[in-house]
Every structure is written in structure tokens, then in C-alpha cells.
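*Asks:* model this:
(chains A, B, C and D, ligands or ions: 6)
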Amino acid sequence: MLGLGLDTPGTWLLPRPFSIGWRSERGLIGILLRVFGRGTRALSALTPGETALVLGPLGTEFEAAEGRTTECVAGGVGLAPFVFLAAEEIAAGRPVRLVYGERDAEAVFDTDLLRELTDIDAEVFTEDGSRGTRGRVTAGLDPAADSVLCACGPTPMLAALARFAVEHDRDLQVSVEEHMGCGIGTCQGCVVRSSAGRWVKACVEGPVFRATDLDWGAP
Amino acid sequence: MLGLGLDTPGTWLLPRPFSIGWRSERGLIGILLRVFGRGTRALSALTPGETALVLGPLGTEFEAAEGRTTECVAGGVGLAPFVFLAAEEIAAGRPVRLVYGERDAEAVFDTDLLRELTDIDAEVFTEDGSRGTRGRVTAGLDPAADSVLCACGPTPMLAALARFAVEHDRDLQVSVEEHMGCGIGTCQGCVVRSSAGRWVKACVEGPVFRATDLDWGAP
Amino acid sequence: MTGDRATSPVMSQRLFGADIHSPVFLASGTCGYGQEYADLIPLDDIGGIFTKAVSVEPRAGNPPHRVAETPGGMINAIGLENVGLDRFIQDKLSWLREHLTRAHVFVNVVGRTRDDYAAVVAGLDPHDGFLGYEINVSCPNVKGGTLFGTDETALADLVARLRKETDRPLIIKLTPNVSDVGVFARICEEEGADGLSAINTFPGMLVDTRSRRPVIGNRSGGVSGPAILPMGVYATWRARQVTEIPIIGIGGIRDGDDAVQYILAGAALVQVGTASFVDPDAAVTTHAGIEAYLRAHGVATLAELVGTLDDGL
Amino acid sequence: MTGDRATSPVMSQRLFGADIHSPVFLASGTCGYGQEYADLIPLDDIGGIFTKAVSVEPRAGNPPHRVAETPGGMINAIGLENVGLDRFIQDKLSWLREHLTRAHVFVNVVGRTRDDYAAVVAGLDPHDGFLGYEINVSCPNVKGGTLFGTDETALADLVARLRKETDRPLIIKLTPNVSDVGVFARICEEEGADGLSAINTFPGMLVDTRSRRPVIGNRSGGVSGPAILPMGVYATWRARQVTEIPIIGIGGIRDGDDAVQYILAGAALVQVGTASFVDPDAAVTTHAGIEAYLRAHGVATLAELVGTLDDGL
Ligand SMILES: Cc1cc2nc3c(=O)[nH]c(=O)nc-3n(C[C@H](O)[C@H](O)[C@H](O)COP(=O)(O)OP(=O)(O)OC[C@H]3O[C@@H](n4cnc5c(N)ncnc54)[C@H](O)[C@@H]3O)c2cc1C
Ligand SMILES: Cc1cc2nc3c(=O)[nH]c(=O)nc-3n(C[C@H](O)[C@H](O)[C@H](O)COP(=O)(O)OP(=O)(O)OC[C@H]3O[C@@H](n4cnc5c(N)ncnc54)[C@H](O)[C@@H]3O)c2cc1C
Ligand SMILES: Cc1cc2nc3c(=O)[nH]c(=O)nc-3n(C[C@H](O)[C@H](O)[C@H](O)COP(=O)(O)O)c2cc1C
Ligand SMILES: Cc1cc2nc3c(=O)[nH]c(=O)nc-3n(C[C@H](O)[C@H](O)[C@H](O)COP(=O)(O)O)c2cc1C
Ligand code: FES
Ligand code: FES
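*Replies:* Numbers count the residues shown, from 1 in each chain, chains lettered A, B, ... in the order given. Ligands and ions are numbered 1, 2, ... in the order given. Sure, this is the predicted structure:
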């Protein structure tokens, strides 16, 4: 969770959830922040030297499997956790694929920087074909591959992937989005529905779940 | 009135009243801002290039009299309007005195800058004597002088001056402080009590009043 | 009102027997009697104004401080200072009549007794220069001690009485200071009100911890501004569920998105209050924002957006 | 609690038959059952916690979104999701008993009927690990449909009934959703309550103008945070005017100055809720801020500051 704290004059902002984008050798962590609404706008207005309040790391993370390729499927700002994951896996000498979709070319994250941070090239898809391959990220996946599938992005994308995974009997981990209050499991604010019909907390039981553990509703 | 407007992400601030501190030849206006509470803190945090919302000029101003010295009596940030007034009067070749009091040396405004802006030297008083003359600004006034007295500062200082003016039959104009809503006379938020027992609006009927037009309460 | 006629959404609505060309009005008490804002914004480009409260007798109002900032809002205790009925008619109404062309005027009315309210309405009714009344029932009732707006019987009697005094649009301004605003909304409709304004302010207090005194001269005051936006949207939605007459949404509106929240929840019109203090253009911006929303979402007329919240009920 | 003994103000108060060493508690529903915050802040350095509501049966709660930001605050509709009485006793109470030394625990209780509330209190009463009850009356009463806290008779009956079930401190948490919180405060005192919590949240709604749906899964929810600070201070002051039992001030408290406003208005203790989401240290900071205030103003004991607002009455 990233916020402005209570001291900043003239501001009121509930912290927002963010993924760790990368970490440097000096022990700094980086955040990939896309301006979406008022919170991300306020956070993006911070200038060097100003302070943000960080609570974390929180919740579950993607799990790679020894000896298998990790296929990261990112939709939009869902790219953020995979920058970290890919960098860690590549550094550990394990194979990673990064399939990354956006609406159009303008939205695509700086791919040079991405390569610098992760050491791999992302396979870019745009809905309008203005950059990379035209179409949805699902088109970039081989149903028969023996990889670990990890996905982060808009819920409709995750739901489509969940159906894909069931159909092709593939392991899929998803990182879900939900509004958060506390970020530490006390407020019950961030629930999503499990396949068992229970509410599970995205902040501590997630954000990464096995896709089969969640209820994806009617298709 | 100076504020942050409605667009700034994460902020809510009613505009605060400020005096015009000075104006440059290029038509810029300057504000002397002392950080007091949350509003002035938020405004002081603006960085070059950011926008503030100005509504003004509003209300009444001090009136000098041809052929007489203007004696400006400033308490604390009450200095602000006199920087402007003194500069204008001096530029017009009219005599001005600037008597300026603060609690202690630390609070005193940069007197070099002050001279640069106004072309006169302020006579500084501090309550603890740590700078200039020890004591209150009233000590700096000659009861018999034939000058126009103009004062701006904390209400107790203004009240003391109002008694001084009555006692010595001196003309006194005071700039008063009151919480403001609209700044333009519609909300009735900023009233002070007139000597006639009416409420008068500090934003449009003031902030500068003849001291005898206001009710200074029991001494 | 500008731009391609073919693609411009229709912002005008036929309401209260009038063509109201913009849904955005200035809120009572935040725009005086219109004069001061007329110098700052083009009043005829918005729907109009709700005047500062008018009472039979002139009122002096409360001691300072009368306003102070609160987190996300402000508190005020002006004390309904106003020039009184006679001078309102002489000075203010005549100005409004002469200076406004398209903008509509609703006169906000207060009183200590039912007769007080009735006297203001009866006194104003023969005059020109305004469209209708907004009855401020967040006033202590001299008889009962409680507010008219929080006492079901007092409210019913008041509305019934005022209905007899006028054929003009009679809008009752609901106070949120009740357990269920729906109950009071229904009473107004049943007794013949033509519209509802939702909402007035919440009672609040600030303490100056240095002096250990209330910041506000009157001790407590009414809280307004963005802080109360969700309460106002809720009250509008609740009133919409149980009544049919037009609702005017009020509380914390700063821009088009805020206003559209009220409109979807059921408001045909909105009022902008406290936000004008922060930016005098707020009402104009709000009008433009609503128009931009209609265009972006391909909605041809504002009227068809009103109350279309998909609330699953 | 640190620093020079001679100059350190006394923050401890004797209240509800206990020594309460800090006036600052975590608010119900914002700190779960204490476990998660125990990892983040030294719970024993503050007064303690008010637990998430406990009902007889486990409750699943509402669909998402359950929380959203509002101007200066937030809205929540968790739906009183909780583990139910039995698991609370087994898992949560035992944890609290074992892990807290000085911090006190009040159990927040909800129900759909008077019997529900009574069953929770009766079920908990023989157990150790908590000091008293906070009764959340902002719940719809299955019988009457209204909230217990907005219906004078229902509230009186409920308090009288619970008073019979326990000798422990019985605190009633007032809802601000009434015309005069004083009336309800008096009822609680008359029926034997030991204390009052003021206030719970305000009903509010947010609309997602893109989807035209309520943002909150439950449509409406409760508004909390700094936005409601002046309303909470007002309610505390109002309750103080008409009752004698200790008041716990709640609503928008972020720091020492906010808390001192409540304390001057009449609160002996305070709760920090939403602010902990923005900064988990908020309660600890608030404690330090109150202590600094006492020191700066030469007040020897917190108790002598309570209710000393110079309101001219
Ligand atoms: C686990 C997780 C990791 C994330 N990682 C990143 C990241 O690394 N980089 C990045 O740019 N963004 C990330 N996001 C999304 C980011 O948190 C949202 O963009 C942000 O919450 C939207 O806030 P806003 O204030 O800009 O939008 P607003 O619309 O102003 O938000 C209003 C309200 O909605 C809530 N809200 C709105 N959208 C979301 C959302 N998508 N998720 C949760 N709450 C929301 C806010 O908390 C707030 O209560 C992540 C989200 C989650 C859940
Ligand atoms: C006519 C006039 C001219 C001024 N000129 C200057 C100037 O040139 N430079 C300068 O630094 N300061 C000036 N001030 C004072 C400045 O407006 C206050 O310092 C400021 O309002 C305090 O705001 P704050 O947010 O820092 O304090 P806060 O304590 O956060 O303010 C809280 C509330 O109190 C009100 N408030 C508090 N103190 C004052 C006050 N003194 N006057 C009015 N409202 C107040 C605010 O509007 C707000 O509602 C002037 C004041 C007035 C009335
Ligand atoms: C300074 C001030 C004065 C007000 N005076 C009145 C009034 O005379 N009559 C009335 O019905 N409402 C009055 N109100 C309430 C507003 O009309 C409006 O209902 C409330 O402020 C909420 O809207 P807002 O959040 O946009 O300000 C006043 C509000 C403010 C801030
Ligand atoms: C997420 C959340 C959950 C809450 N749950 C409860 C609850 O279970 N019982 C209760 O009495 N109050 C509950 N409240 C209300 C708080 O205890 C408190 O009264 C309110 O939030 C105002 O305080 P604040 O502004 O400091 O948050 C809840 C508040 C929030 C924000
Ligand atoms: S955000 Fe509070 S429980 Fe998840
Ligand atoms: S500030 Fe509104 S009338 Fe003066």
C-alpha cells in the first residue's frame, strides 16, 4: 500500500495497492505507477525529496516452478508485478516469457526500459494493432505449452484466461484487483468470491490466487 | 483570496485572504506568505510552475493623505500590506514611516529585502528585545505627530492602537482579520462589529476600516 | 449551449412550468442575492440561483467566527442574516428582475413559526422576478423547539399551509438530520410540494484547542462541502425511491462527475454551494462537465439520464 | 509514559472500574480482533481496542466493492462480516487474553433482535480477556425495520435488557442519524448504560458514473473519516450536555489536536478508525499528541481536561 500519510497539508488519500515493480542492488524498490484516478494522480505528483508512506510487502506472490517456463500474461498496468517476477526469475537463470497487452501503442510501457529491468523482451499485443501483434494476449498463448501461467490485468482478461486454463487443463495464477481499506486483513474491505462461495481477502489471502480457487461468475 | 482551486488532486482548501505584497514593473504581483496553519502550509508547498487560484483585488485599501506622513504600524505578518503601501508612497515621493513589531528576532522579515522592496528602513521592535528596540510597536509612536496612522496586525494590537488613537485624537485606519468564505460579500461569513452595533463585512466593507467605525469591545 | 447543434446534448428541461436551460444552480446562502456573482460568472449561462434565506423581519445574524474550514468541507453559522422581506423585494428582487434573462430565481424562505413562512410567501407572491420558493425547514421551530424539518407533524402542517398561499413552484429543502429522509420526502409530496431539495447541512462543531473555545461564534454550525457529497447522493436516491416530484441535488458538488452522481441517483437539477468559494467558476464548470458527460456517453437529452442509476432494484 | 516523571502529565484515568492508561483506542471494525495490528504497533501502549462486531451467528458480509474513498473520508459496507460468537470466543478472545497486557478490549456487539444482542452478551460474559461491551445499535431491527439506534423505544428496551445480562461496562454506540443525539444519549443513561460512544457512520452513497452503478456492492454504506470530524465533536458535546456517564469520542480522529477537540467537548476516551488505514501509527501518534498538548498547556492530568470546553453555557 502506498499513500501520502496524514501529515501532508491539504490532502486526504486512502493508500492504494501497488506491486513491487523492481528492486535495485542498493536495496531500493521501484514502483510502476500508471495514473488512473485521483489517488494515482496525487501520488504521481510527488516530487523528489517528498515522502510517501509504504506498508508492505503484503499478501501472496506468484510462484514459479522449478524446470518449467513461467509465462507472464500482463494486461495494462498488470505489467507491474511481472517486471519484478521476470527480473528475479531471469536472474536466477529460469526461463520466462512475458506476454503484454494494451489497448493501443500509446499505452505501451517503454519496452527498452522494460528490457533493461527484466533482461527479456516482452511480446506486445495491442487491441488496435498499432504496436506489436494485433489482438488480445490470449492469442499469444500456446494451449499445449508446459508452462506455469501467471496473469495480472483487468478482471475480464483474467476471467477469459481462467476459462482458457480450465479448457486446456493449465495451471493459472492470477493477481486480482479490489478496493482496499487496511491492506492487512482487518477491515474485510477487499473481498473477492472464492469458488467455494466464501469471501476471501485480496490483501492477505491474495492478491495472487490459483484461478481455480476463485468464482469467475457466468462467462 | 488565494487558493488551490478544485483541480489539484487530493486537496481541499478554502481560499485564504492575502494582501498584495508588492507589484513588479512587469505587472507581476507578489505575496508575503507566513506559514501559520494548514492553509498557508499548503500554499507555501507550491513549487514553481504550479498554479494557485487568485480572486482579487478585493475590499478597501489604506488611504494616504497628501502632505502628511503615512505611519505604517505592522504587527507580525501585518507587515504584508505595508510593503505594498510603502513602496507605492515612496515611489510617489510621499513620506512614509514603517514601525514593525515581532515577538522575537527569529520572526523578523528579511530587512534587506524589505528595504529593496520599499526603499525605506523599517523600525523594528521585538517583544523580547532580541532584535531592534525592545517592546511593543506602540512605543514607537509619537502621540503628537501629524501623520496618517495605518495599522495591520493581531486584534489586541489593533485594539491598543485604537485606544491610543482616541486618546490622542489621531486618525487611524486598521486592516482587520476575520475568517472568510467567499471573499466577495455574498456569504456574510467575515463580519466584524461596527461601532454602530452592526455587522460589517471584512471582505468588501473592509479589510481596512477607520478605527472609530469599529467596536473594539471592553479594553 | 455552444458547438454543433446536431451533436450537442439537450441540457434544457421543462420543470416547474418553466424551461430550465441548465441543471446547475447556485445554492442558497452561498451566492447572496446574485449581484456579486454576476460580476464574476455569466449567471445566464447556468440555471439560476437560490437566494440567501429571506425572513419576514431583517435578521442580524451570529457573532464571528461564522465560517471555518473542516476536513473536506466547511462549517458555517451565519445565523440567517438577511435584509428581511421588504428590503428584499425593494432592493434585491428588482435587481434580479432587471439583470437576469434566462437564469431562474428561487427564493429561499425561513421563519420561526408557520405564520412567518406564510407571510414571506404571501408577501412575495404578487411580485415578478422569481420562479418559485425553496423552503428552508432546517430552522428551529419557536413553538416546538425542534426543527420543522425533523418533526413530521410540523413539516406536514407547514407544507400544507404554504401550499394554500401560492400556486408557484414550492420546493422543500430537506434536512439530512433525520433517521430516514424518505419519510420526510413523502410528507412533502403528500402535502402538495412541487419539488425537493436534498440536502441542507449537518450539525457540526470545531474546537480551538488553544483557546479551548468553539471556533464558531454560535458554537455549532452546519457542515457543507465535498465531505457531505456521499450523504447528499444517498438522500437524493432515498427520496427518489419514495416520491415522484423533481429533486434538486445539493451537497459537495464541485464538477460534472459529482453532479452526474446526483442526477443518476434521481436529481433533475443540482445546486453548487461551497465549491464556489474555492473556485467561483465551479457552477459553470459543472454545467460544462455534465454536458461533456452526456456527449461522451451518447445521451441525447439530460432528462433521460435522470434517475437511471442501475441499482438492481 | 516515557520521560521525566515530574513533568509527565498523567494520561491514565480510572474509568469503567479499570485503570485505562491511554485514552486512545482503535475503533470497531477498523482493527479486526487486534491480531494484525499487533504486528504493526505496540497495542499495549494505547488504551486498547474495540473489536469488529460480533453477532450470534457467523455472517458472510456484503458483496464487493465494500469500501471506497470519499472526499475527506471513506464509505464502507462490510455487512458486519464476522466469525460469530463461538469462534470469537475460541479463536479471538483467547488470542487477546494471551497477547495483551495493559491494553483493554471492548467487544462490539450486533444483532437483528433484542434476543440476539442478549445472547452475545450472555455468551461472552463468563469469559476472560475483555473489559466490557460496546453495543452497535446502527443495525436494522428485524422486527421494526428501523435501526435500534434511531427508535427511542427499541433503544430503551434493548439497553434495559442488556443491563440485566451483565455487570460489565455497557457502552452504547450512538448513531448520528437522528434529529437530536441528546435524546438517545439520555435514554441510554436512564436505562443503565455505563458509557456512550459517539459516533458511528453516516449513510452515504457513491455512484460510478461510467457504469451508472453504485460504487458500493451494497449500494449504500457508512461514511467515516475526517469528513465527519465536526459532526462527531458536535454529537459528543451534545451528549455531554445532557448526560453524566463517560463518552468515547469517535469520528475522523487523525492526531492529538483532533482528539483534544473531542476531549474538550466532553469525551474521556477516543477511538481512531479510518485514520489507521492511512497511517497504522495514527493511534500511537494521537496518544503522543494528547500528551504533548497536556504538557504544552501545563495540564497535569488528562482527566481534568475532559469536558472543559469554554462554551459560555
Ligand atoms: C494488488 C494490486 C496491485 C496493483 N499494482 C499496481 C501497480 O504496480 N501499478 C499501478 O499503477 N497500479 C497498480 N494497481 C492498481 C492501483 O492500485 C489502482 O490504479 C488504483 O487503486 C486506482 O486508484 P486511483 O486513485 O488512481 O483511482 P480512483 O478511481 O480515484 O480510486 C477510487 C477508489 O477506488 C479504489 N480503486 C479504484 N480502482 C482500483 C483498483 N483498480 N484497485 C484497487 N482499488 C481501486 C481506490 O482505492 C479508491 O478507493 C494495483 C492494484 C492492486 C489491487
Ligand atoms: C485581509 C487579510 C489579509 C491578509 N494578508 C496576509 C498576507 O499578506 N500574508 C500572510 O501570510 N497572511 C495574511 N493574512 C492572514 C492569512 O490569511 C492567515 O494566515 C490565514 O488565513 C491562516 O490560514 P491557515 O490556513 O494557515 O490557518 P488555519 O488555522 O489552518 O486556518 C483555519 C481556518 O481559519 C481561518 N483563519 C485562520 N486564521 C485566519 C486569519 N488570521 N484570517 C482569516 N482567516 C483565518 C481560515 O480561513 C480557515 O477557515 C491575511 C488575513 C486577512 C484577513
Ligand atoms: C455560508 C453558507 C450559508 C448558507 N445559507 C443557507 C441559507 O440561508 N438557506 C439554506 O437553505 N441553506 C443555506 N446553506 C446551505 C447550502 O444551500 C447547501 O445546502 C449546503 O451548503 C450544501 O451544499 P454544498 O456542499 O454545495 O455547499 C448555506 C451554506 C453555506 C456554506
Ligand atoms: C471498515 C469499517 C468497518 C466498521 N465496522 C464497524 C463495526 O463492526 N461496528 C461498529 O460499531 N462500527 C464500525 N465501524 C465504524 C467505526 O467504528 C467508527 O465509528 C467510524 O468509522 C468513525 O470513526 P473514524 O472516522 O475514525 O473511522 C466501521 C468503520 C469502518 C471504516
Ligand atoms: S484491505 Fe482490509 S482486509 Fe483487505
Ligand atoms: S467572506 Fe463572504 S461575505 Fe465576506
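
*Asks:* could I get the phi/psi values of residue 118?
*Replies:* Just so you know, I chose chain A. phi -110, psi -20 (degrees, to the nearest 10).

*Asks:* show me chain A divided up by domain.
*Replies:* A:2-55, A:70-213 (automatic domain parsing).

*Asks:* I'd like these as TSV, with mean pLDDT and mean neighbour count appended.
*Replies:* Bear in mind the C-beta positions are built from the backbone N, C-alpha and C, glycine included. Shown next, in TSV, are the domains of chain A (pLDDT from 0 to 100; neighbours: other CB atoms under 10 Å in any protein chain shown):
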stretch	mean pLDDT	mean neighbour count
domain A:2-55	85	16
domain A:70-213	93	19
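
*Asks:* and those domains: which comes nearest chain D?
*Replies:* domain A:70-213 (3.5 Å; CB to the nearest CB).

*Asks:* tell me how far the ends of that closest one are from each other?
*Replies:* For domain A:70-213, the first-to-last residue distance is 20 Å (CA to CA, to the nearest Å).

*Asks:* and the domains of chain A: which comes nearest C:Gly204?
*Replies:* Of all the domains of chain A, it is domain A:2-55 that lies closest to C:Gly204, at 16.7 Å by CB to CB.

*Asks:* so C:Val223 is in contact with C:Glu69, correct?
*Replies:* No. Applying CB atoms under 8 Å as the test, C:Val223 and C:Glu69 come out as separate, 10.8 Å apart.

*Asks:* the two: which is more packed in?
*Replies:* C:Val223 (29 against 21; other CB atoms under 10 Å in any protein chain shown).

*Asks:* tell me what the more buried one is bridged to.
*Replies:* Note on C:Val223: beta-bridge partners C:Ile75, C:Phe202, judged by DSSP bridges.

*Asks:* so for it, what's the pLDDT?
*Replies:* Listed pLDDT for C:Val223 reads 97.

*Asks:* what strand or helix carries A:Val174?
*Replies:* Taking DSSP states H and E as the criterion, A:Val174 maps to strand A:172-175.

*Asks:* hmm, that strand in reach of chain D?
*Replies:* No. Using CB under 8 Å from any CB of the partner chain, strand A:172-175 stays clear of chain D, coming no nearer than 15.7 Å.

*Asks:* helices and strands around the helix or strand just after that strand, which ones?
*Replies:* Next along the chain after strand A:172-175, taking DSSP H and E as the criterion, comes strand A:191-193. Other helices and strands packing on strand A:191-193, by 3 or more CB pairs under 8 Å, 6 or more residues apart in numbering or on different chains; DSSP states H and E, are strand A:199-201.

*Asks:* which residues touch the strand it packs on?
*Replies:* The contact list for strand A:199-201 (CB atoms under 8 Å, 6 or more residues apart in numbering or on different chains) reads A:185, A:188, A:190-194, A:206, A:209, A:213-214, D:60-61, D:81.

*Asks:* between those residues, which is nearest B:Ala91?
*Replies:* Nearest member of the contacts of strand A:199-201 to B:Ala91, counting by CB to CB, is A:Cys190, at 63.4 Å.

*Asks:* circling back to that earlier point, will you turn the domains of chain A into CSV that also has distance to D:Leu206?
*Replies:* Shown next, in CSV, are the domains of chain A (distance: least, CB to CB, whole Å):
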stretch, distance to D:Leu206
domain A:2-55, 12
domain A:70-213, 11
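
*Asks:* just put these in CSV and tack on distance to ligand 1.
*Replies:* Putting the domains of chain A into CSV (distance: least, CB to the nearest ligand atom, whole Å) gives the following:
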stretch, distance to ligand 1
domain A:2-55, 2
domain A:70-213, 3
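
*Asks:* nearest to A:Phe62, out of those?
*Replies:* domain A:70-213 (4.5 Å).

*Asks:* what residues does chain A have near chain C?
*Replies:* Checking chain A against chain C by CB under 8 Å from any CB, the hits are A:Trp12.

*Asks:* what ranges does chain A have for its strands?
*Replies:* A:2-3, A:22-23, A:29-30, A:53-54, A:69-75, A:96-102, A:123-126, A:133-134, A:147-152, A:172-175, A:191-193, A:199-201, A:208-210 (DSSP state E).

*Asks:* save these as JSON lines, and put in distance to D:Gly249 too.
*Replies:* Shown next, in JSON lines, are the strands of chain A (distance: least, CB to CB, whole Å):
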{"stretch": "strand A:2-3", "distance to D:Gly249": "25"}
{"stretch": "strand A:22-23", "distance to D:Gly249": "43"}
{"stretch": "strand A:29-30", "distance to D:Gly249": "38"}
{"stretch": "strand A:53-54", "distance to D:Gly249": "25"}
{"stretch": "strand A:69-75", "distance to D:Gly249": "46"}
{"stretch": "strand A:96-102", "distance to D:Gly249": "49"}
{"stretch": "strand A:123-126", "distance to D:Gly249": "54"}
{"stretch": "strand A:133-134", "distance to D:Gly249": "60"}
{"stretch": "strand A:147-152", "distance to D:Gly249": "42"}
{"stretch": "strand A:172-175", "distance to D:Gly249": "40"}
{"stretch": "strand A:191-193", "distance to D:Gly249": "30"}
{"stretch": "strand A:199-201", "distance to D:Gly249": "30"}
{"stretch": "strand A:208-210", "distance to D:Gly249": "40"}
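
*Asks:* ok, the one residue sitting closest to the centre of chain A to A:Arg97 distance?
*Replies:* Residue closest to the average C-alpha location in chain A (CA atoms, centre = their mean): A:Gly78, at 3.6 Å. According to CB to CB, to the nearest Å, A:Gly78 and A:Arg97 sit 15 Å apart.
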